[in-house]
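Visitor: Next comes the sequence, and after it the predicted model I'd like to discuss.
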Amino acid sequence: MSLSRSPSPHPGGGWSSPGLTPGSGTSTPRGYSPSNLTPSGISWAAAKAKSDEVRGYPSFATRNSGFFSRQKHKLSARLPSFRGSGYADKDAYGRAQWSPSTGGRGILGVAGNFVRRGRGRVLAILVLVWIGYLLLWSTLVRTYRRSPLGGGRKVVIILGSNTEGGVMEWKGAREWAIERNSIWNKERYAQKWGYELEVANMLAKKRYSHEWRESWEKGDVIREAMRKYPSAEWFWWLDLNTWVMEYGTSLHNYLLNDLDSHVYRDINDYNPLNITHPLPEFYLDELGRSQEGDRDPSSLNMLLTQDCGGFNLGSFLVRRSVWTDRLLDAWWDPVMYEQMHMNWEHKEQNALEYIYQTQPWIRSSIGFLPQRMINAFPPGACGDEINPNIHYQEEDHDLVVNMAGCSFGRDCWSEIYFYRAISNRLNQNLWGSFKETLSGAYGRVFSKGVDQEDDDS
Amino acid sequence: MQFAVPPRKSPHPLPGARSSRLPLYRRKQLKTIGLFAFALLVILYLLTHLSSSSSSIATPAGTAGPVVIVTLLDREHWSESYINKIVANREDYAKRHDYTNFFATYSEYDEAVGDAPKSWATIPAVRHAMAKYPNAAYFFHLSPHALFMNPSKSLKSHILERNQLESVMLKDVPVVPPDSIIRTFAHLREKDVDFITTQDSEDLTPSSFVLKNGDFARYLLDLWFEPLFRNYNFQKAEIHGLDHIIQWHPTVLARTALVPQRALNAYSKDSRGAGPDGTYQDGDFLIRFPGCDDMEGKECAELEPYYIIWQKKLKSIRS
């Protein structure tokens, strides 16, 4: 704190930080390339290149995407019998004349008759459409959601993970199970809605230690994802210890299409940190002193929740924007870090809370969501008593459960296992109603697949 | 397999065959429908396009608006006559070009600056000007110890216009002299520039900078005024604060243009710290007296002779 020199990188001087590792004077920015917006040291650049190699080909992609391909394969393998008995009783026109003993030929005969008489063209088309529906509907829906019209590619889910295993911590069977299940969970959700899923390998964080910015790499990971998915608009960060409970809830319908009615910008609505809001400074403009920002939902660039202790970054969204670039850039600063690293116990989370308080430009673009909207807690986090604002409520179909702090004295794997079971049950019901409209065969195939997935884990 | 037997050809034309030759009225109907659909699409496109373009520009930052000149005065310590000279020079300049002056006092920002050196007040002062003149296009902060010496030259034609700025801005130079490894962008365009300043032989010079109104201005000023920077005991207070920000935060550097020192910040003769070719020469836009920054008395003697030169110049322009 008593340092009285400029931190500008001078030759031979560099960033000197009396409070921290005294010998490391080489952490000044050594070079700059416009594509990489991170000030970085030499070893950092090399390390980053290495991490890019790792991240370029996430190994889970070949391992775990097998679920859907397996299902598809099974489905097509069973198709002949499925078609023979399955679609006939759905045929509204043919049902009257149809009896099981006549089988497929009877249908054909009826259809053929219609066609021959020149009346049944429409019917034939309907039948074809129905078959197409049975076989291709889910694929079509998925293709549509992936297309620019469907908007699925507008959302990237970033899952903080460590797929390769940590260096500092020994990963046991439970850790692996958490990881495998959590990735599978997000994959399934992302695939259903056509979202992109980016599994970020947080192993890279050890490389940050020379820059003293462990756990700020969230920002770098998000930036990387922004480069990788240039057409995406929203980036949803999820910690590994989270579980998406409702596969049937699309983020757009649930939240993004109607930000205004879900978001509160005035932190006084729920203010566990007692942050002064709006700012009283007379020299600020209206926007800086505004209670509700500019009231324009399109200026909301970061959506996050607060738990009982303040901001929670286990699950948050950022929108691609100039503001977001700036936030990710201002989030970490060596001068700020040097003075605060002892106080910022939760690192980047505390840092965000801090700059939210001290820098007015940030406030107007941050929107808070009711916690259970994207970040419900299990009992045990934020107190053991169930608080309906904080803790997961099954009957309300909360979207995500975040086992926040489960690695401190609780059991992450059993919590995940617990919520996975609930989620499976909830989504099974949904599929049950599907089963009625489709066919028993389809349901059998599917439930078998789910069972198998259970066995896997 | 389903349609093994082809449908027999019937003597009547198939319903499908008819569709290729539409009756005239049907074609007309289709045409109108098509036109309507097209018009609808165009309208939809325009609507979405317009709304998206209007939402992306959050603040009205038209280049046609005036420039606000921000000056911080110390009314407690400086003599009335000294302040009057500074004010007279700036009022004259602003009147000539339809600019606005914003005079603020250091003491207004005492509370905001806190224990940090009072020169930090520059930042809330500019922020204050932004609050007061939200429609201005540019804010020009100029140290009080400076005089406009070429009154007929507008800031716009001198530096802000596209060709002018792009021709004078320093590209790919160390952003903090003499040899910072962070260099200004080589491919910067005028439309990407929100912040224009100069450097002397040692540092960037927040004593004179132009800031375009908008989100970037808020971002830069708020980040710069961060309490942790103010409390860090930078040797040169906000000057080193700016040096620091610009080297560590690429989103700031990417919107910054450096111009030659004499364009915005020519130092008086024998001043310490003037960069190469940074000393005032006759005809320059303005002159600044860096030696006055830490003056003890009620006024800075260095300013007086140039004030007289300026007055003579005014007379010669008038006659």
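Guide: Cool, the structure landed.

Visitor: And the helices in chain B, which stretches?
Guide: B:15-18, B:24-56, B:80-97, B:110-113, B:122-132, B:155, B:162-168, B:215-224, B:227-230, B:237-248, B:250-253, B:261-264, B:303-318 (DSSP state H).

Visitor: Which pLDDT value belongs to the residue lying closest to B:Pro174 once chain neighbours are set aside?
Guide: In space, and not counting its chain neighbours, B:Pro174 is closest to B:Ser180: 4.2 Å by C-beta to C-beta, 6 or more residues apart in numbering or on different chains. In this view, the C-beta of every residue, glycine as well, is placed from N, C-alpha and C. With respect to pLDDT, B:Ser180 scores 89.

Visitor: cool, and A:Glu169?
Guide: For A:Glu169, the model assigns a pLDDT of 61.

Visitor: now do A:Tyr133
Guide: So, for A:Tyr133, pLDDT stands at 81.

Visitor: quick one: which helix or strand includes it?
Guide: Using DSSP states H and E, A:Tyr133 sits in helix A:121-146.

Visitor: Tell me the helices and strands packed up against that helix.
Guide: Where contact means 3 or more C-beta pairs under 8 Å, 6 or more residues apart in numbering or on different chains; DSSP states H and E, helix A:121-146 is packed against helix A:79-86, helix A:103-116, helix A:173-193.

Visitor: Direction-wise, compare that helix with helix A:173-193 and give the angle.
Guide: 130 degrees (axes from the mean of the first three to the mean of the last three C-alpha atoms, to 10 degrees).

Visitor: Listing partners with orientation, what would you give for the very next helix or strand once past helix A:121-146?
Guide: Following helix A:121-146 in sequence order, the next helix or strand is strand A:155-161 (DSSP H and E). Using DSSP bridges, strand A:155-161 pairs in its sheet with strand A:196-201 (parallel), strand A:234-238 (parallel).

Visitor: residues in contact with strand A:155-161?
Guide: Under the criterion C-beta atoms under 8 Å, 6 or more residues apart in numbering or on different chains, residues A:179, A:182-183, A:186, A:189-190, A:193, A:195-202, A:218, A:221-222, A:225, A:229, A:232-240, A:251-252, A:256 lie in contact with strand A:155-161.

Visitor: Which of the residues in that strand are classified as buried?
Guide: Under the neighbour-count criterion of 16 or more other C-beta atoms under 10 Å in any protein chain shown, strand A:155-161 has A:155-161 buried.

Visitor: Show me where the chain dips below the pLDDT cut-off.
Guide: In the absence of a named chain, this looks at chain A. A:1-119, A:163-170, A:203-214, A:429-457 (pLDDT under 70).

Visitor: ah, I was thinking of chain B
Guide: For chain B (pLDDT under 70), the answer is B:1-24, B:44-65.

Visitor: Apply 80 and report the result again.
Guide: B:1-28, B:30, B:34, B:36, B:38-65, B:319 (pLDDT under 80).

Visitor: ok so, going back, is it possible to export the helices of chain B to TSV including mean neighbour count and distance to A:Leu126?
Guide: Shown next, in TSV, are those (neighbours: other C-beta atoms under 10 Å in any protein chain shown; distance: least, C-beta to C-beta, whole Å):
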stretch	mean neighbour count	distance to A:Leu126
helix B:15-18	10	16
helix B:24-56	10	25
helix B:80-97	17	75
helix B:110-113	16	74
helix B:122-132	24	65
helix B:155	21	73
helix B:162-168	14	63
helix B:215-224	23	56
helix B:227-230	20	70
helix B:237-248	24	66
helix B:250-253	22	58
helix B:261-264	24	76
helix B:303-318	13	88
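
Visitor: what would those helices look like in TSV with distance to chain A?
Guide: What follows is the helices of chain B, written out as TSV (distance: least, C-beta to the nearest C-beta, whole Å):
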stretch	distance to chain A
helix B:15-18	7
helix B:24-56	5
helix B:80-97	20
helix B:110-113	6
helix B:122-132	4
helix B:155	22
helix B:162-168	18
helix B:215-224	4
helix B:227-230	5
helix B:237-248	4
helix B:250-253	4
helix B:261-264	18
helix B:303-318	28
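
Visitor: A:Arg227 is in contact with A:Val221, correct?
Guide: No: counting by C-beta atoms under 8 Å, A:Val221 does not reach A:Arg227; the two are 10.9 Å apart.

Visitor: list the contacts for the spatially closest residue to B:Pro227 that is not a sequence neighbour?
Guide: Of all residues not flanking B:Pro227 in the chain, A:Thr358 sits nearest, at 5.5 Å (C-beta to C-beta, 6+ apart). The neighbours of A:Thr358, taking C-beta under 8 Å, 6+ apart as the test, are B:226-228.

Visitor: Likewise for B:Lys313?
Guide: B:149, B:151.

Visitor: thinking again about what came up before, have a look at A:Val221 and A:Arg227 and say which one is more surrounded.
Guide: Remark: of A:Val221 and A:Arg227, A:Val221 carries more neighbours, 23 against 10, as counted by other C-beta atoms under 10 Å in any protein chain shown.

Visitor: The more buried one sits in which helix or strand?
Guide: If you go by DSSP H and E, A:Val221 is part of helix A:217-228.

Visitor: Pull out the buried residues from that helix.
Guide: A:217-226.
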